[in-house]
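>>> quick one, structure for this:
(one chain, ligands or ions: 1)
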Amino acid sequence: MADLFPSMTINGSSKVLGIFGDPVEHTLSPKMQNAIIQDLGLNYVYVPFQVTELNLEKATQAIRSLNIRGVNITIPHKVSIMQFLDDVDETALKIGSVNTIKNENNKLIGRNTDGEGCLQAIEDTGMNLNNKNAIILGAGGAAKAIAFYLAQKINKITIINRSPTKMQTLVNNLRNYYDIQINGILFDQKNELKKALDEADLLINTTSVGMSPNIEKCPIEIEFLHPELFVNDIVYNPLHTQLLQNADQIGCKTLSGVEMLVNQGAIGFEWWTGKKPNKKLMKKIVLQHLLNHK
Ligand code: ATR
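Got it, this is the predicted structure:
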């Protein structure tokens, strides 16, 4: 299928945005961001920068010296970049990782739009998160980012993880900041797991279980799901993970990982440019890419 936006104009006044990562080849951000730049007729360009850990400090300084207006940060720099920034938003500071930087008159400000993007995606479906009871599968970087934003709205969070250490660290971390019910369960504590799921309104999978090529895998047994559960898988490749297929079968409302991907990008774009992007177009770009790379 042809690209939706085959040509773009770059001139001497073009403002540069980008992404730092290593590897960075797989990222969908340049496709999404350049599409909305063109859609809004803005004189910006968004480029990928392969930045190794060794070059991260110099590359961050170069944001200032090259007057790059904003960058996304991806694996493996989300934590280590923080030491090179001038300021970090309050929640990102608690989370301890940053995925978006804005250059405000040479001052580099960090923010984490992953968790914000996930919440926005869920709320865009019409779900009201106030007083809800959520389960997060996984206790890694993504789980942490999402949990710290969720904790600002909901009543109870249960972290379910494979390794006890990571689970307990995240639970303790959340308890330090938020005065809501925060519990931790291990995947093999089946009775506790079932009870927690029975009582939950929302389930978010942040583990990589079910991600391509292991598409037949599901992080949780289908028998543990119930129709009132809203199920969000942040895995977007495949689009309809086994978890989402099982949840559909039970009659749950479901949401794919594409929505978080789009929303984290949309929040960053609006922060950098002051313009609201067309999220439907961003989603179309991602879906087109996933279809072409099956
Ligand atoms: P991310 O930044 O995407 O969150 P991460 O920090 O590496 O990635 O975290 C991955 C999460 O997926 C972890 O919670 C991990 O569980 P462990 O803490 O036990 O390692 C979870 N995960 C990955 N593979 C898994 C598997 N096969 N079964 C269960 N959990 C898994």
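>>> next up, the contacts around the residue of the chain found nearest the ligand.
Closest to the ligand within the chain is residue 140: 1.9 Å, counting by CB to the nearest ligand atom. (C-beta placed from N, C-alpha, C; glycine too.) Going by CB atoms under 8 Å, 6 or more residues apart in numbering, residue 140 touches 166, 206, 207.
>>> measure the nearest residue to the second one once chain neighbours are set aside to residue 281 for me?
This points to residue 206. Leaving aside its sequence neighbours, residue 206 sits nearest to residue 138 (CB to CB, 6 or more residues apart in numbering; 3.8 Å). From residue 138 over to residue 281 the distance is 30 Å, taken as CB to CB, to the nearest Å.
>>> the closest residue to residue 275 other than its chain neighbours: how many residues sit nearby?
Of all residues not flanking residue 275 in the chain, residue 40 sits nearest, at 5.4 Å (CB to CB, 6+ apart). Using other CB atoms under 10 Å, residue 40 has 15 other residues around it.
>>> tell me which helix or strand comes right after the host helix or strand of residue 136.
Assigned by DSSP states H and E, residue 136 falls within strand 133-137. Where DSSP H and E defines the elements, the next helix or strand beyond strand 133-137 is helix 141-150.
>>> now do the buried residues in that following helix.
Using 16 or more other CB atoms under 10 Å as the test for burial, helix 141-150 gives 141, 142, 143, 144, 145, 146, 147, 148, 149, 150.
>>> redo these as CSV? Include pLDDT.
As requested, the buried residues of helix 141-150 are exported to CSV (pLDDT from 0 to 100):
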residue, pLDDT
141, 96
142, 97
143, 98
144, 98
145, 97
146, 98
147, 98
148, 98
149, 96
150, 97
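>>> what's the most distant pair in those?
Spatially, the most separated pair among the buried residues of helix 141-150 is 141 and 150, at 14.9 Å (CB to CB).
>>> contacts only, for the most centrally placed residue in the chain.
Centroid-nearest residue in the chain: residue 114, 3.2 Å away (criterion: CA atoms, centre = their mean). For residue 114, the residues meeting the contact criterion (CB under 8 Å, 6+ apart) are 99, 142, 145, 146, 260, 264.
>>> would you agree residue 204 falls within a strand?
Yes: according to DSSP: H, G, I helix; E, B strand; the rest coil, residue 204 belongs to a strand.
>>> got a list of what residue 198 touches?
Counting by CB under 8 Å, 6+ apart, residue 198 touches residue 226.
>>> the same query, at a cut-off of 10 Å, please.
Each residue near residue 198 by CB atoms under 10 Å, 6 or more residues apart in numbering is listed here: 224, 225, 226, 228, 229.
>>> phi, psi for residue 221 please.
Reported as degrees, to the nearest 10, the phi and psi values for residue 221 are phi -60, psi 140.
>>> other residues contacting the helix or strand bottoming out on mean pLDDT in the chain?
In the chain, no helix or strand scores lower on mean pLDDT, DSSP states H and E than helix 279-292, which sits at a mean of 94. The contact list for helix 279-292 (CB under 10 Å, 6+ apart) reads 1-5, 28-29, 31-36, 38-40, 120-121, 124, 212, 236-239, 256-259, 261-263, 265-266, 269, 278.
>>> report the buried members of those.
Buried members of the contacts of helix 279-292, scored by 16+ other CB under 10 Å, are 28-29, 31-36, 38, 120-121, 236-239, 256-259, 261-263, 265-266, 269.
>>> residue contacts, the closest residue to residue 154 other than its chain neighbours?
Among residues not flanking residue 154 along the chain, residue 132 sits closest, at 4.5 Å (CB to CB, 6+ apart). Shown in contact with residue 132 (CB under 10 Å, 6+ apart): 122, 150, 153, 154, 155, 156, 157, 200, 201, 202, 230.
>>> closest one of these to residue 249?
Nearest to residue 249 among the contacts of residue 132, with distances taken as CB to CB, is residue 230, at 15.2 Å.
>>> any idea how far that closest one is from residue 250?
For residue 230 relative to residue 250 (CB to CB), the value is 12 Å.
>>> same question for residue 280.
Going from residue 280 to residue 250 by CB to CB gives 28 Å.
>>> these two: who's more crowded?
residue 250 (16 against 9).
>>> find the residue closest to the more buried one in space, skipping its chain neighbours.
Closest to residue 250 by CB to CB, 6+ apart is residue 225, at 4.6 Å.
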